[in-house]
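Undergrad: Below: sequence and its predicted model.
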Amino acid sequence: MQSMELPLVLFTVLSQAAIGLVLMNAVRQCRCAGPGEGNVRMEWTLIAAFMGVGIAASLFHLGHPLESYRALVHLEKAWLSREVLAAGIFFALAVFAAITARGKGSPVLMWASILAGLSVLLASGMTYAPPALPAVNNALPTVFFLISAVVLGAGFASWFAGAENQPLLARIFVTALVVGLVVRLTVPCAWLSGSEVMRQTGLAWLGAPLYWVHVALMAACLGVLWKNRTIPVWLPILALAAELAGRAVFFSETIHTAMNIGGVY
């Protein structure tokens, strides 16, 4: 891709944080049948804020932001159009839930938001997996995005969860961090044995300072959890910084086939 694409970095990471929060909300609701915990309205407000800021940031990626609605005209064949539609639906549901939240919130709204959120993840994964990027022309973008959603969702959900659900969120957070570290450390190494463009992508990722910043911050989050056994209030911010660094690497260091035109494959 060869460009950091800051608007897309912000959109994908913040939208995945919002989706992860909804997923963790569902986990907590399924686990606890009692009264709602924490401030449900504030939680949905944060979800809507993450998604709203992400969508607003994504407009700066467009040459003509005021014509962004035209992205919807190719729903039958373009994953980007489907991503835009799903993100809009998710944002609308989150705003409505934030306005109308009472007690535990509406199960219908929660499950509708989960469906819309998973649709965003799938559409984003397909959008950023084009044939011109051989290293990620597969399920890897969706895997990366799902891991980010779970890491950030579990982290920020700890701001709203009751004491009885904090250990569960900490376990989910740790598991997602471990899986994320394994995936992000092994995938670039696997690319080294692939085609020339994949090998160049692996070398670019491993040689990028932000890649190692991402790994170091994820490891630091694990270290904090190992020591505290619970999620400190500031730790989700550190995890967010890690995901932003990792996403910048995804967009800036994944090699396009055009980079090797005329070279040996």
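TA: Happy to help now that I have it. Residues are numbered from 1 along each chain as shown.
Undergrad: so what's residue 130 up against?
TA: residue 137 (C-beta atoms under 8 Å, 6 or more residues apart in numbering). Placement of C-beta: from N, CA and C, glycine included.
Undergrad: what do you get for residue 46?
TA: 18, 21, 156, 159.
Undergrad: Counting neighbours, which of these comes out on top?
TA: When neighbours are counted by other C-beta atoms under 10 Å, residue 18 leads the contacts of residue 46 with 31 neighbours.
Undergrad: okay, the contacts of residue 46 in JSON lines with pLDDT next?
TA: Converted to JSON lines, the contacts of residue 46 look like this (pLDDT from 0 to 100):
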{"residue": "18", "pLDDT": "98"}
{"residue": "21", "pLDDT": "97"}
{"residue": "156", "pLDDT": "97"}
{"residue": "159", "pLDDT": "95"}
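Undergrad: Residue 139: which of those residues is nearest?
TA: Using C-beta to C-beta, residue 18 comes nearest to residue 139 of the contacts of residue 46, at 22.0 Å.
Undergrad: Next, residue 159: secondary structure please.
TA: Secondary structure, DSSP: H, G, I helix; E, B strand; the rest coil: residue 159 is coil.
Undergrad: What residues of stretch 81-93 count as buried?
TA: 81-91, 93 (16 or more other C-beta atoms under 10 Å).
Undergrad: Next, report how far stretch 146-163 is displaced from the centre of its chain.
TA: In terms of C-alpha atoms, centre = their mean, to the nearest Å, the gap separating the centre of stretch 146-163 from the centre of its chain is 12 Å.
Undergrad: C-alpha coordinates for it, CSV please?
TA: C-alpha atoms of stretch 146-163 as CSV (Å, rounded to 0.1, in the frame of the first residue of the first chain):
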residue,chain,number,x,y,z
LEU,A,146,-11.1,-9.4,14.6
ILE,A,147,-8.2,-9.7,17.0
SER,A,148,-8.1,-5.9,17.3
ALA,A,149,-11.9,-5.8,18.0
VAL,A,150,-11.6,-8.4,20.8
VAL,A,151,-8.5,-6.8,22.4
LEU,A,152,-9.9,-3.3,22.4
GLY,A,153,-13.4,-4.4,23.2
ALA,A,154,-12.3,-6.3,26.3
GLY,A,155,-10.1,-3.5,27.4
PHE,A,156,-12.6,-0.7,27.1
ALA,A,157,-15.5,-2.8,28.4
SER,A,158,-13.6,-3.0,31.7
TRP,A,159,-14.5,0.7,32.2
PHE,A,160,-18.2,-0.3,32.5
ALA,A,161,-18.2,-3.9,33.8
GLY,A,162,-19.1,-4.8,37.3
ALA,A,163,-16.6,-6.5,39.6
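Undergrad: Flag every buried residue along it.
TA: By neighbour count on 16+ other C-beta under 10 Å, the buried set for stretch 146-163 is 146-161.
Undergrad: Restrict stretch 195-215 to CA atoms and write it as PDB.
TA: The C-alpha coordinates for stretch 195-215 follow below in PDB (Å, rounded to 0.1, in the frame of the first residue of the first chain):
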ATOM      1  CA  SER A 195       6.600 -15.100  -3.600                       C
ATOM      2  CA  GLU A 196       9.000 -12.200  -4.200                       C
ATOM      3  CA  VAL A 197       6.300  -9.600  -3.300                       C
ATOM      4  CA  MET A 198       5.300 -11.500  -0.200                       C
ATOM      5  CA  ARG A 199       9.000 -11.800   0.800                       C
ATOM      6  CA  GLN A 200       9.400  -8.000   0.400                       C
ATOM      7  CA  THR A 201       6.300  -7.500   2.500                       C
ATOM      8  CA  GLY A 202       7.700  -9.700   5.300                       C
ATOM      9  CA  LEU A 203      11.100  -7.800   5.200                       C
ATOM     10  CA  ALA A 204       9.300  -4.500   5.200                       C
ATOM     11  CA  TRP A 205       7.200  -5.400   8.200                       C
ATOM     12  CA  LEU A 206      10.100  -6.800  10.200                       C
ATOM     13  CA  GLY A 207      12.200  -3.800   9.300                       C
ATOM     14  CA  ALA A 208       9.500  -1.200  10.300                       C
ATOM     15  CA  PRO A 209      10.000   0.500  13.700                       C
ATOM     16  CA  LEU A 210       6.300   0.700  14.200                       C
ATOM     17  CA  TYR A 211       6.000  -3.000  13.900                       C
ATOM     18  CA  TRP A 212       8.200  -3.500  16.800                       C
ATOM     19  CA  VAL A 213       6.500  -0.700  18.700                       C
ATOM     20  CA  HIS A 214       3.200  -2.600  18.200                       C
ATOM     21  CA  VAL A 215       4.800  -5.900  19.500                       C
END
